[in-house]
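Trainee: whatever this is, show me its structure:
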Amino acid sequence: QVHLVESGGGLVQPGGSLRLSCVASGSIFMINVMGWYRQAPGKERELVATIISGGSINYADSVKGRFTISRDNAKNTVSLQMNSLKPEDTAVYYCNSEIQSRIYEPSRRYWGQGTQVTVSS
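Mentor: Modelled structure (predicted):
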């Protein structure tokens, strides 16, 4: 079994910053992709940023230049530094990871429980 646990959400004023972190634990042989998604009320869940094991990074256009994703392979963690936050960034942010639990087994996709980010004055 694999677990993803997020931390770091909260309330911040427009223009402020927050840092989200996610740690993966459990039966882990290899982590292929780690990333962040978000879901605002009444909207579908959308990709925010992903980073693969080789270091390639992908950002949603709406966060480019403001958000930075990073990962620590030794600690099985992924972080999201969010700067210049806007009210439209308000959402529940979910950690997502593609993890291979055992050699010769296919990777599976796992989700964290989500952490609320609210940007408001």
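
Trainee: wait, residue 30 sits on residue 98?
Mentor: No: the pair residue 30 / residue 98 is not scored as a contact, 9.3 Å apart, by Cβ atoms under 8 Å. Where C-beta positions appear, they are placed from N, C-alpha and C, glycine not excepted.

Trainee: who has more neighbours out of the two?
Mentor: Ranked by neighbour count (other Cβ atoms under 10 Å), residue 30 and residue 98 place residue 98 first, with 18 against 14.

Trainee: list the contacts for the residue sitting nearest the centre point of the chain?
Mentor: Nearest residue to the geometric centre of the chain (Cα atoms, centre = their mean): residue 36, 2.5 Å. Residue 36 makes contact with 20, 22, 47-50, 69, 78, 80, 93-96, according to Cβ atoms under 8 Å, 6 or more residues apart in numbering.

Trainee: and if you look at residue 100?
Mentor: By Cβ under 8 Å, 6+ apart, the contact set of residue 100 is 28, 29, 30, 31, 32, 106, 107, 108.

Trainee: next one: it from residue 3, what distance?
Mentor: Distance from residue 100 to residue 3, counting by Cβ to Cβ, to the nearest Å: 15 Å.

Trainee: so what touches stretch 60-70?
Mentor: Residues from elsewhere that reach stretch 60-70 (Cβ under 8 Å, 6+ apart): 35-36, 46-51, 57, 59, 78-85, 88-89.

Trainee: spatially nearest residue to residue 27, not counting backbone neighbours?
Mentor: residue 101 (4.3 Å; Cβ to Cβ, 6 or more residues apart in numbering).

Trainee: and the one you found, how many neighbours?
Mentor: Neighbours of residue 101 under the rule other Cβ under 10 Å: 16.

Trainee: from what I can see it touches residue 28, true?
Mentor: Yes: with contact defined as Cβ under 8 Å, residue 101 counts as touching residue 28 (6.5 Å).

Trainee: spit out the residues that contact those two alike.
Mentor: residue 2.

Trainee: returning to that earlier point: with distance to residue 14, secondary structure and pLDDT added, can I get the contacts of residue 100 in CSV?
Mentor: Shown next, in CSV, are these (distance: Cβ to Cβ, whole Å; DSSP: H, G, I helix; E, B strand; the rest coil; pLDDT from 0 to 100):
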residue, distance to residue 14, secondary structure, pLDDT
28, 38, coil, 94
29, 42, coil, 94
30, 39, strand, 93
31, 34, strand, 94
32, 35, strand, 93
106, 43, coil, 94
107, 38, coil, 94
108, 38, strand, 95
